[in-house]
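K.L.:
Requesting a structural model of the entry that follows:
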Amino acid sequence: MENIQLEHEYGYVRDEGIYLKSFLDYPDRKIGQVKQSPEASLKYFEDRFQLAQKKVLDLAGMIEEAQNKGSFLMKLVHMRKYLANFDGLGNYDILFSRLDGLEAQLRVMVSINRVKNYEIKSALLAEAEACVDDIDVNAATDRIKELKLKWIKTGAVLEEHQEHIEKRFDEVYADFFENKKNLLKNRARQIKNNTYNYKRILQYAEDLKFSDDFDNVFAEFRDMQQAWRAGGKIPHARATQMWDKFKQVNDIFFNRYKQFKIYKETYTELSALEIRQQLEHKMCTEMDALIDLHHENTQNIERAKELLMEWKNFTMVFRSIDNEANERFRLASDKIFEISYLFRVVKRKYPDVEHKPQEDQLRIKVSFMRELIRKDEAEIQLADSNLHRMEADKLTPDYKRAESNLITQKRKLGVKRILLRELETILHEMKGQTAHSSRRY
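P.N.:
Numbering: from 1, shown residues only. Model prediction:
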């Protein structure tokens with residue numbers, strides 16, 4: 001070579017430039033400039049070559065320690081480019097030969113790994129395909145997502161299988177979520193239908209819970225219970241809420257039915273309607289018989305209380321009570337307790353009232369009853385006025401409570417007025433009889 005100023009085993013100095021000699025397919029290449037002296041510059045680039053050696057040794061060590069060795073193929077490619085352009089003087093043939101050996105080793109491993117990867121991905125694909133038809137959608141969703149992560153972490157397969165297996169997994173993954181969407185849509189539709197059927201059964205039970213057609217409705221409730229058990233799935237919270245309501249309705253009817261069967265043991269040959277009419281007549285007649293305007297009868301009061309409890313139980317069983325019978329029973333019971341109250345008021349002022357003549361007793365009772373009525377009228381007028389001032393709060397519990405109390409007060413006042421008329425009638429008749437007796441003598 002012309003103008004070579006200084007030779008080196010792997011390079012030379014020419015025209016103040018430092019050159020690397022050709023190796024493999026790479027031509028001579030200028031790698032630097034003489035700074036101090038040709039010898040010093042060559043020594044600098046000779047020492048610098050050690051950096052390239054270290055890079056190759058480090059890469060070999062990393063490959064040796066790595067589990068996924070196939071991932072280093074691209075690093076080898078980059079290392080070749082790095083060495084081809086590295087500015088240093090040394091034996092590049094040895095370094096490239098080392099890289100060739102590493103690459104050959106890696107490609108064998110990659111080929112083996114890609115066979116294994118194909119086996120792994122084939123198994124993952126089979127699991128993913130099984131997820132598509134799994135009815136446990138939530139568990140299957142978690143599973144197929146887990147399979148997707150494993151798929152991504154698994155390396156490439158042999159080139160002839162790569163496109164097909166990747167495409168197939170993507171199709172299965174997409175099919176799963178499409179099927180899931182359709183399944184959830186159908187499931188939502190089924191839940192809606194199931195909920196509607198439960199509501200229909202519940203409403204029918206509500207309509208029948210107070211029926212007095214006991215035997216036929218008993219069979220209806222049995223059928224509804226079977227229909228409820230076969231009603232299908234709905235959300236747990238909703239199912240619990242609706243079942244609680246349905247159970248309450250069942251309890252109401254079957255408690256009534258149980259008591260009806262007790263009545264039926266006494267009135268074996270009668271229908272439910274006839275049993276109800278018999279009991280209405282019996283209890284009304286007995287309550288009427290307990291009314292005594294003349295005497296305070298403790299036994300009558302206690303029996304009236306017992307009859308009230310019996311009537312309450314009776315009206316819980318039979319819901320179609322005759323209005324006239326109901327009014328008759330309530331009026332009779334109100335009379336008994338209002339009379340009892342009148343006797344207590346009178347006796348506080350006249351402890352010996354029962355020893356007075358009958359006519360005097362009646363006058364005293366009439367007088368006190370009028371006073372009680374005047375007191376009730378004043379209280380009702382005040383309560384009515386207070387309620388009128390609360391009209392803006394009609395929906396509040398306080399208003400409803402006050403309204404209910406006012407209705408009760410008015411009813412009691414009405415009973416007192418009836419009793420007053422009856423007492424006045426008896427007193428008038430007694431006066432007439434007394435006057436008639438006086439004229440005879």
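
K.L.:
use CA for all of it now, contacts and neighbours both
P.N.:
OK.

K.L.:
got the buried residues for stretch 275-283?
P.N.:
Judged by neighbour count using 16 or more other C-alpha atoms under 10 Å, the buried positions of stretch 275-283 are 275-276, 280, 283.

K.L.:
my bad, stretch 286-305
P.N.:
Buried residues in stretch 286-305, counting neighbours by 16+ other C-alpha under 10 Å, are found at 287-288, 290-291, 293, 296, 300-301, 304-305.

K.L.:
Could you check how far Ser122 is from Trp151?
P.N.:
From Ser122 across to Trp151, the span is 10 Å (C-alpha to C-alpha, to the nearest Å).

K.L.:
if we can go back for a sec, just the buried residues of stretch 286-305: which has the poorest pLDDT?
P.N.:
Among these, Glu296 has the lowest pLDDT, at 83.

K.L.:
Identify the residues contacting that residue.
P.N.:
By C-alpha atoms under 8 Å, 6 or more residues apart in numbering, the contact list for Glu296 reads 340, 343.

K.L.:
State the distance from it to Gln50.
P.N.:
Glu296 is 128 Å from Gln50, where distance means C-alpha to C-alpha.

K.L.:
Pick out whichever of the buried residues of stretch 275-283 sits closest to Asn85.
P.N.:
For the buried residues of stretch 275-283, the residue nearest Asn85 by C-alpha to C-alpha is Arg276; the value is 112.3 Å.

K.L.:
The closest one is in contact with Val317, isn't it?
P.N.:
No - with contacts counted by C-alpha atoms under 8 Å, Arg276 stays clear of Val317, the gap being 9.3 Å.

K.L.:
what's downstream of the helix or strand encompassing Lys282, the next helix or strand?
P.N.:
Assessed by DSSP states H and E, Lys282 sits inside helix 272-289. Downstream of helix 272-289, the next assigned helix or strand under DSSP H and E is helix 298-317.

K.L.:
Just send the buried residues of stretch 275-283 back as JSON lines, with distance to Ser111 and pLDDT too.
P.N.:
Shown next, in JSON lines, are the buried residues of stretch 275-283 (distance: C-alpha to C-alpha, whole Å; pLDDT from 0 to 100):
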{"residue": "Ile275", "distance to Ser111": "94", "pLDDT": "93"}
{"residue": "Arg276", "distance to Ser111": "94", "pLDDT": "93"}
{"residue": "Glu280", "distance to Ser111": "98", "pLDDT": "94"}
{"residue": "Met283", "distance to Ser111": "101", "pLDDT": "96"}
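
K.L.:
where are the low-confidence patches of the stretch 151-300 of the chain?
P.N.:
Nowhere does the stretch 151-300 of the chain drop to pLDDT under 70.

K.L.:
residue ranges of the helices in it, please?
P.N.:
Assigned helices in the stretch 151-300 of the chain, in chain order: 159-208, 214-229, 236-266, 272-289, 298-317 (criterion: DSSP state H, counting those that start in this stretch).

K.L.:
Select, out of those helices, the one closest to Tyr10.
P.N.:
helix 159-208 (41.3 Å).

K.L.:
now that closest one and helix 236-266, what's the angle there?
P.N.:
Using axes from the mean of the first three to the mean of the last three C-alpha atoms, to 10 degrees, the direction of helix 159-208 lies 30 degrees away from that of helix 236-266.

K.L.:
ok, back up a step: will you turn the helices of the stretch 151-300 of the chain into JSON lines that also has distance to Glu64?
P.N.:
As requested, the helices of the stretch 151-300 of the chain are exported to JSON lines (distance: least, C-alpha to C-alpha, whole Å):
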{"stretch": "helix 159-208", "distance to Glu64": "25"}
{"stretch": "helix 214-229", "distance to Glu64": "66"}
{"stretch": "helix 236-266", "distance to Glu64": "57"}
{"stretch": "helix 272-289", "distance to Glu64": "96"}
{"stretch": "helix 298-317", "distance to Glu64": "90"}
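
K.L.:
This completes my enquiry, with thanks.
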